[in-house]
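A.B. asks: I would like to see how this sequence folds:
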Amino acid sequence: MFCVPTNDAKSTEEDRKESGKRRKPHIACGSFVNLVGLMKAHLKLMDLAAVMVAVVVSRGEIWSGSDGGAIKVWPWDAIGKALSLKAEERHIAALLMERSYIDLRSKFTVNGVCTLPSFDVKYMASDDCSSKVWSAGSLSFALWDSHSRDLLKVFGIDGQVETRLDLPSAQDLNVEDEMKTKSVSSSKKEKSQGSVSFFQRSRNALMGAADVVRRVAVKGTSIMEDQRRTEAISVSMVGMIWTGCSNGSVVQWDGNGNRMQECQHHSSSVKSICTYGPRVWVGYASGKVQIMDLDGNLLGEWIAHSSAVIKMAIGGSYMYTLAHHGGIRGWNIRSSGPLDDLLRTELANKEQAYMKLENIKILVGTWNVGQGRASPNSLISWLGSAASEVGLVVVGLQEVEMGAGFLAMAAAKETVGLEGSGNGQWWLNAIGKTLDEGSSFQRVGSRQLAGLLIAAWARKGLRQYIGDVDAAAAPCGFGRAIGNKGAVGLRMRVYDRSICFVNCHFAAHLEAVCRRNADFDHVYRTLSFSRPTTGAHGASGFDSLTPEAIMEMPGRAVGSQSDDGKPELSEADMVVFLGDFNYRLNSITYDEARDMISQRCFDWLRDKDQLRAEMKAGRVFQGMREGQIKFPPTYKFERNQPGLSGYDSGEKKRIPAWCDRILYRDSRSISAADCSSECPVVSSIAMYEACMDVTESDHKPVRCIFCVEISHADEFIRRQEYGHIIASNDKIKSFIEECYVVPETTVSTDNIILQDQEASLLGISNKCDKYNAVFKIICEGQSNVGAENSMEFSASCSFGFPFWLEVQPAVGIIKPGESIEVSVRLDEFCTKEETVDGIPQNWQCQDTMEKEAVLLVVVTGTDSTESTSQRIYVRHCFSISSDEVGQRVPSRRIQSINQHGSDGSKTLSDVTSGFNNIIVP
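C.D. replies: Reported below is the predicted structural model:
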């Protein structure tokens with residue numbers, strides 16, 4: 001799979017905040033470029049229900065789905081009139097569109113009762129093969145006739161037809177009441193039990209909050225979280241419908257809504273599906289993309305993005321994928337296959353030509369701030385004095401804010417995806433000011449979980465090479481639900497290599513070694529980078545990861561937990577753990593420790609270090625390294641007491657300890673390995689020290705500077721090498737030429753005259769004996785015939801077929817050596833419609849004016865978007881004698897159409913001597 005590097009659609013924090021607000025409902029149908037101006041004109045009219053999806057059907061109508069099951073249809077006549085207006089008359093378009101829609105609820109409302117299903121319409125798809133429209137909610141589907149707009153069928157995700165109407169149900173979780181009750185109860189308890197200690201009361205409040213959060217989560221899961229809910233829908237060219245579910249399964253349906261089969265090749269939720277020819281592309285929440293054939297067999301898979309693949313679309317010869325964080329990548333539509341393997345091998349042989357080594361310095365700092373705030377001088381001493389020589393700064397804070405009430409509120413906010421606090425924002429602003437944020441550095445991401453906060457700043461010159469920034473959190477407090485202990489992390493790509501930073505705060509007290517080990521194990525196994533960061537300058541950025549790098553190094557791919565169950569942290573090229581790990585000194589008294597510190601006998605003290613002993617025994621931080629400790633223990637100090645005399649001298653006399661640490665691992669399996677594509681990240685420590693002059697907390701801040709060497713591909717040179725391989729390798733050239741083959745096809749006629757309501761059959765034959773032919777029939781335009789002042793030929797009908805013409809099937813795949821018959825017929829008695837406030841005012845009439853239409857049969861191969869086309873001229877005549885059959889000629893309006901004809905097919909100007917091979921039913 002070879003990726004086309006593209007510029008990311010970078011999102012800013014302001015954009016993300018805005019997207020979370022309740023916006024005015026709107027139609028999102030970006031594929032219909034020519035309708036953009038028109039749709040903008042009437043967006044303001046859609047105020048009653050949020051429009052969640054829109055689709056253009058084969059007749060050019062726009063169908064939209066909304067909350068509560070509302071479906072509205074904009075007829076082509078109204079759209080065509082609005083599009084035909086001149087630029088200075090564009091304001092009239094809004095007036096034309098305002099009352100032109102048809103609300104299908106009016107068609108199914110009897111005595112004020114609407115019989116339509118009430119599920120929210122989240123997804124829609126147009127089946128041009130059978131002229132049907134699919135509308136879908138999370139658990140139900142509705143099948144419509146796109147011509148008559150009749151509701152054909154309502155059925156569930158299991159395929160069972162629903163025989164009763166959906167009724168809106170009130171689902172009251174009483175979350176707010178429960179939280180209020182708990183808060184009041186806790187408050188009364190505090191007042192009435194004055195003899196209970198502060199710590200006991202805090203623990204009770206936290207346990208109560210955790211219990212509420214757990215019960216809310218259980219209720220929410222039982223009511224809303226069906227693991228089979230529909231997340232995506234797409235229609236293939238052979239009329240099969242594919243839907244993706246939240247449990248990772250993909251379901252195949254026929255055109256009549258019958259469930260055919262279910263297949264599952266990945267456990268992550270399906271977020272997007274796109275079909276092209278005989279292949280089905282599936283995008284997952286994990287960032288993975290899979291390709292299946294029309295029988296559901298897996299053909300290939302790879303990690304495309306580090307976040308959910310929310311949209312896929314064909315453009316040229318590429319499938320473009322859009323990630324949740326805004327990154328866009330293009331993939332060769334022929335992936336995956338022998339050509340990928342061959343190209344990957346050839347590029348690997350030329351690796352030395354395009355691989356580069358980059359050297360950067362990373363400053364990592366950790367500080368347990370004890371709910372306090374630091375002076376500017378302290379921040380300069382800790383970070384500012386060392387930041388001048390680095391390109392990336394990562395800071396982890398613990399105990400930014402604590403207290404039972406705050407922790408309970410933070411836990412509740414986490415359940416609905418909210419984070420942050422006033423103190424947390426103060427620290428972000430203060431550190432940003434110290435680093436000269438905006439001029440020298442830019443913040444690339446941050447994450448807060450209760451009292452834990454991690455943030456990263458990149459120097460402006462390096463920012464463009466940092467992308468795919470994701471955040472994660474793992475609480476380790478009461479019931480693994482409260483964030484008084486736990487971890488927050490940031491994952492980012494630096495020069496296309498994955499680096500993770502994890503800020504931890506583990507269990508306290510001298511004897512809690514096993515609990516600390518368990519906290520680390522929980523964080524390492526469960527930390528999942530699924531939430532985009534709240535960075536000030538966007539979450540994405542550099543998103544041009546080459547697929548060959550992913551395929552050649554499956555252990556280094558980005559994304560969520562791998563299929564074999566490996567933790568996400570194990571997949572990174574470099575991991576840095578920082579924080580207040582709370583490991584203490586064993587078998588030593590307070591006085592002995594103070595005496596050794598005063599003599600700077602740190603080697604003797606390190607032998608007493610719990611963390612060192614646990615790492616040596618392989619029970620924690622397996623595979624991690626730490627710089628040599630040459631600074632005094634960083635805990636515990638009296639606040640605002642300078643020097644080593646500031647160690648705790650109170651009643652408890654806590655034994656000094658190196659609680660605050662920074663550990664890391666890189667890509668090396670052995671310490672002497674050089675940086676290369678097999679070992680892409682190699683790091684060494686240039687500084688590891690504590691800032692003993694900072695006194696605002698009972699902990700001292702610690703900092704470490706890493707010198708990091710990164711091996712990555714120079715994309716410009718790699719593209720050059722790629723071009724040389726394409727141009728010089730005969731086997732590859734043969735593969736590519738074969739992929740661009742468009743099967744030879746013929747049509748039974750190029751002229752059709754329709755009378756009455758009988759169908760004419762248009763035969764399309766695939767003369768190729770090796771490749772499938774993919775065909776699609778579109779309408780290039782139509783015109784009325786015979787009126788002296790009739791309007792000129794209009795090509796705007798290319799959005800769909802004219803209302804008087806029916807073509808079935810309009811798309812399909814023809815196997816080698818086979819043929820297909822397409823029915824071309826007319827509706828002599830057409831429904832003329834006008835709408836008033838969504839209510840159709842219909843009447844039946846016979847339109848006696850003759851009409852002409854130009855159909856284009858577009859044929860492509862199954863592995864290419866290269867195409868050939870043939871034109872079919874269709875005329876609707878009310879009366880014609882047998883003598884006139886060979887004498888009818890196209891109108892001069894049709895003869896004057898501008899046609900490209902670059903594919904060698906017949907153009908309209910070629911037809912000047914009359915209709916040939918006319919079919920008259």
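A.B. asks: what about the most centrally placed residue in the chain, distance to residue 446?
C.D. replies: Nearest to the geometric centre of the chain sits residue 324, at 2.9 Å (Cα atoms, centre = their mean). Computed as Cβ to Cβ, to the nearest Å, the residue 324 to residue 446 distance reads 18 Å. (C-beta placed from N, C-alpha, C; glycine too.)
A.B. asks: And residue 117, by the same measure?
C.D. replies: From residue 117 across to residue 446, the span is 43 Å (Cβ to Cβ).
A.B. asks: Which one of the two is surrounded by more residues?
C.D. replies: Neighbours were counted for residue 117 and for residue 446 using other Cβ atoms under 10 Å; residue 446 has more, 27 against 22.
A.B. asks: Dig out what that one forms beta bridges with.
C.D. replies: residue 455 (DSSP bridges).
A.B. asks: ranges for the strands of the stretch 101-250 of the chain?
C.D. replies: Along the stretch 101-250 of the chain, counting by DSSP state E, counting those that start in this stretch, strands occupy 102-103, 109-110, 113-114, 123-127, 132-136, 140-145, 151-156, 230-235, 241-245, 249-253.
A.B. asks: nearest to residue 801, of those?
C.D. replies: Closest to residue 801 of those is strand 123-127 (Cβ to Cβ; 12.3 Å).
A.B. asks: model confidence over the closest one, on average?
C.D. replies: For strand 123-127, mean pLDDT rounds to 91.
A.B. asks: Ok, stretch 304-317 next?
C.D. replies: The average pLDDT within stretch 304-317 is 86.
A.B. asks: List the buried residues for it?
C.D. replies: By neighbour count on 16 or more other Cβ atoms under 10 Å, the buried set for stretch 304-317 is 304-312, 317.
A.B. asks: And the residues you listed, which is closest to residue 407?
C.D. replies: Using Cβ to Cβ, these come closest to residue 407 at residue 307, 28.7 Å.
A.B. asks: Leaving out chain neighbours, which residue sits closest to that closest one?
C.D. replies: residue 324 (4.2 Å; Cβ to Cβ, 6 or more residues apart in numbering).
A.B. asks: Contact partners for that neighbour?
C.D. replies: Counting by Cβ atoms under 8 Å, 6 or more residues apart in numbering, residue 324 makes contact with 305, 307-310, 532.
A.B. asks: do that again at 6 Å, thanks
C.D. replies: By Cβ atoms under 6 Å, 6 or more residues apart in numbering, the contact list for residue 324 reads 307-308, 310.
A.B. asks: next helix or strand past the worst-scoring helix or strand of the chain on mean pLDDT?
C.D. replies: Here the helix or strand of the chain ranked lowest by mean pLDDT, DSSP states H and E is helix 547-552, holding a mean of 32. Later in the chain than helix 547-552, the nearest helix or strand by DSSP states H and E is strand 574-580.
A.B. asks: other SSEs contacting that next one?
C.D. replies: Strand 574-580 sits against strand 355-368, strand 392-398, strand 497-505, strand 660-665, with contacts defined as 3 or more Cβ pairs under 6 Å, 6 or more residues apart in numbering; DSSP states H and E.
A.B. asks: The second one pairs with which strands, and in what direction?
C.D. replies: It stands for strand 392-398. Checking strand 392-398 against DSSP bridges gives partners strand 355-368 (parallel), strand 452-459 (antiparallel).
A.B. asks: what's the answer for the shortest one, then?
C.D. replies: Taking DSSP bridges as the criterion, strand 660-665 sits next to strand 574-580 (antiparallel), strand 625-626 (antiparallel) in its sheet.
A.B. asks: export those to a markdown table and tack on distance to residue 374 and mean pLDDT?
C.D. replies: Listed next are the strands paired with strand 660-665 as a markdown table, based on distance: least, Cβ to Cβ, whole Å; pLDDT from 0 to 100:
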| stretch | distance to residue 374 | mean pLDDT |
| --- | --- | --- |
| strand 574-580 | 16 | 97 |
| strand 625-626 | 25 | 96 |
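A.B. asks: can you list those strands in a markdown table and add mean neighbour count and distance to residue 761?
C.D. replies: Output for the strands paired with strand 660-665, formatted as a markdown table (neighbours: other Cβ atoms under 10 Å; distance: least, Cβ to Cβ, whole Å):
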| stretch | mean neighbour count | distance to residue 761 |
| --- | --- | --- |
| strand 574-580 | 25 | 65 |
| strand 625-626 | 16 | 75 |
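A.B. asks: can you list those in a markdown table and add distance to residue 524?
C.D. replies: Listed next are those as a markdown table, based on distance: least, Cβ to Cβ, whole Å:
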| stretch | distance to residue 524 |
| --- | --- |
| strand 574-580 | 9 |
| strand 625-626 | 16 |
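A.B. asks: right, and residue 662 touches residue 705 too?
C.D. replies: No - counting by Cβ atoms under 6 Å, residue 662 stays clear of residue 705, with 10.1 Å between them.
A.B. asks: Next, show the common contact partners of those two.
C.D. replies: Joint contacts of residue 662 and residue 705 (Cβ under 6 Å, 6+ apart) do not exist.
A.B. asks: need the strands of the stretch 101-250 of the chain in TSV with distance to residue 478, can you?
C.D. replies: Conversion of the strands of the stretch 101-250 of the chain to TSV gives the following (distance: least, Cβ to Cβ, whole Å):
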stretch	distance to residue 478
strand 102-103	52
strand 109-110	53
strand 113-114	49
strand 123-127	40
strand 132-136	41
strand 140-145	40
strand 151-156	40
strand 230-235	34
strand 241-245	34
strand 249-253	36
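A.B. asks: So which residues of the stretch 301-450 of the chain form helices?
C.D. replies: Using DSSP state H, counting those that start in this stretch, the helices of the stretch 301-450 of the chain run over 338-349, 351-354, 376-379, 385-387, 404-415, 422-434.
A.B. asks: any residues touching the second one, and which ones?
C.D. replies: Contacts of helix 351-354 from elsewhere in the structure, counted by Cβ under 6 Å, 6+ apart, are 677, 713-714, 717-718, 721.
A.B. asks: rerun that using 8 Å as the cut-off
C.D. replies: Counting by Cβ under 8 Å, 6+ apart, 677, 713-714, 717-718, 720-721 sit against helix 351-354.
A.B. asks: Between those residues, identify the one with the most neighbours.
C.D. replies: Result: residue 713 is most packed of these (other Cβ under 10 Å), 22 neighbours.
A.B. asks: For that one, which non-adjacent residue is spatially closest?
C.D. replies: Residue nearest to residue 713 in three dimensions, not counting chain neighbours: residue 354, with 5.4 Å by Cβ to Cβ, 6+ apart.
A.B. asks: Quick check: the gap between that neighbour and residue 712.
C.D. replies: To residue 712, residue 354 is 10 Å away according to Cβ to Cβ.
A.B. asks: Compare neighbour counts for the two and give me the winner.
C.D. replies: Counted by other Cβ under 10 Å, residue 354 and residue 712 do not tie: residue 712 has more neighbours, with 21 against 18.
A.B. asks: doesn't residue 680 make contact with that one?
C.D. replies: Yes - the pair residue 712 and residue 680 qualifies as a contact (Cβ atoms under 8 Å) at a distance of 7.0 Å.
A.B. asks: wait, is residue 741 part of a strand?
C.D. replies: No - the assignment for residue 741, made by DSSP: H, G, I helix; E, B strand; the rest coil, is coil rather than a strand.
A.B. asks: my read: it touches residue 773, true?
C.D. replies: No - taking contacts as Cβ under 8 Å, residue 741 lies outside contact range of residue 773: 10.3 Å.
A.B. asks: list the residues that contact both of those two?
C.D. replies: Residues touching both residue 741 and residue 773 by Cβ under 8 Å, 6+ apart: residue 861.
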